[in-house]
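# Here's my sequence, what's the structure:
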Amino acid sequence: MDIVTEYQMLDALILQIDTEGFDADVIEMIDFTRLSPLLIKFESKNLSPIRKQETYRLLQHNGYRLYEEGGDSIAVHSKLT
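So this is what the prediction gives:
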């Protein structure tokens with residue numbers, strides 16, 4: 001959130017996360033009351049089933065629907081659907 005705030009990206013529509021295995025950690029750091037992009041794409045193929053479920057649950061709680069594409073997951077905010 002510090003980087004997002006510092007670079008004034010709180011109105012970002014798309015968030016692409018590629019942090020080599022730390023994608024779920026980055027998602028957990030998002031303050032969804034301040035940042036709620038319409039689309040979040042992240043690599044999920046290396047997440048354990050439990051970690052993936054926790055990440056999906058967090059995103060769903062914040063208004064996202066989840067889709068899978070290859071080794072990636074795409075979270076689409078309900079504002080688009």
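# hey, let's count contacts and neighbours off CA atoms from now on
OK.
# Low-confidence stretches in the chain?
Scanning the chain for pLDDT under 70 picks out 7, 10, 81.
# Number of residues surrounding R51?
Neighbour count of R51, defined by other CA atoms under 10 Å: 14.
# Could you tell me whether it really is in a strand?
No. Counting by DSSP: H, G, I helix; E, B strand; the rest coil, R51 is not found in a strand; it is helix.
# distance of it from K45?
Using CA to CA, to the nearest Å, R51 is found at 11 Å from K45.
# same question, S36
Distance check for S36 against K45: by CA to CA, it reads 23 Å.
# Same drill for the two, tell me which one is more crowded.
A count of neighbours by other CA under 10 Å puts S36 above the other of S36 and K45, at 21 against 15.
# State the phi and psi torsions of that one.
phi -140, psi 80 (degrees, to the nearest 10).
# show me the contacts for it.
Each residue near S36 by CA atoms under 8 Å, 6 or more residues apart in numbering is listed here: L10, D11, A12, L13, H77.
# residues touching the nearest residue to the third one once chain neighbours are set aside, list them.
The shortest distance from A12 to any residue that is not its chain neighbour, by CA to CA, 6 or more residues apart in numbering, is 5.6 Å, and that residue is P37. Applying CA under 8 Å, 6+ apart, one finds that P37 lies in contact with D11, A12, L13, I14, L15, H77.
# Same list, those, but as CSV with neighbour count please.
Listed next are the contacts of P37 as CSV, based on neighbours: other CA atoms under 10 Å:
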residue, neighbour count
D11, 12
A12, 13
L13, 13
I14, 14
L15, 17
H77, 20
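# Quick one: classify the closest residue to L58 other than its chain neighbours as helix, strand or coil.
Excluding its sequence neighbours, the residue lying closest to L58 (CA to CA, 6+ apart) is E28, at 7.8 Å. Under three-state DSSP, the three-state class of E28 is helix.
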